[in-house]
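*Asks:* Can you look at this prediction? I've put the sequence above it.
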Amino acid sequence: MDDVERLNRVFAALADPTRRDLVARLAAADATVGELAEPYDMSMQAISKHVKVLEEAGLVTRSRDAQRRPVHLDAAVFDLMTKWIERYRRQAEERYRRLDALLATMTGAGDSARIPEEDAS
């Protein structure tokens with residue numbers, strides 16, 4: 001899977017508020033699907049489906065710890081997201097710098113072309 005497809009899956013997975021909440025909770029600590037399901041008024045099966053979407057997007061992984069199957073947040077995917085966001089942030093900032101420079105030259109040219117009030121008579 002290339003980076004563009006991976007980003008599409010990540011952003012699609014994070015479009016759901018429940019999945020965003022699961023990611024926020026997993027940022028604090030690993031948890032089993034049962035532990036993740038506790039605060040929600042939905043079935044374990046529904047939470048499991050949400051976890052599967054996060055797993056397919058590369059946001060989480062599951063492991064086996066004796067009888068437990070904890071879900072881990074995979075922080076590496078955030079590097080990919082950060083790079084994507086930073087690229088567009090830098091482009092937007094550069095556009096605003098060019099606009100600021102243009103406005104400064106226009107304002108400066110307008111000031112020098114104006115006749116001082118005391119000389120106007």
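*Replies:* Cool, got the structure. Numbering: from 1, shown residues only.
*Asks:* helices and strands around the longest helix along the chain, which ones?
*Replies:* Longest helix in the chain by number of residues (criterion: DSSP state H): helix 76-113. Counting contacts by 3 or more C-beta pairs under 8 Å, 6 or more residues apart in numbering; DSSP states H and E, helix 76-113 is packed against helix 3-14. Just so you know, the C-beta spots here come from the backbone N, C-alpha and C atoms, and that holds for glycine as well.
*Asks:* A strand includes T18, no?
*Replies:* No: counting by DSSP: H, G, I helix; E, B strand; the rest coil, one finds T18 to be helix, located in no strand.
*Asks:* Distance of it relative to V4?
*Replies:* Here T18 is placed at a distance of 25 Å from V4 (C-beta to C-beta, to the nearest Å).
*Asks:* do the same with F11
*Replies:* Distance from F11 to V4, counting by C-beta to C-beta: 11 Å.
*Asks:* Neighbour count: the two, which is higher?
*Replies:* Shown here are F11 and V4; by other C-beta atoms under 10 Å, F11 has more neighbours (12 against 9).
*Asks:* What are the buried residues along whichever strand or helix holds D21?
*Replies:* For D21, the host element (DSSP states H and E) is helix 17-28. Buried residues in helix 17-28, defined by neighbour count with 16 or more other C-beta atoms under 10 Å: R19, L22, V23, R25, L26.
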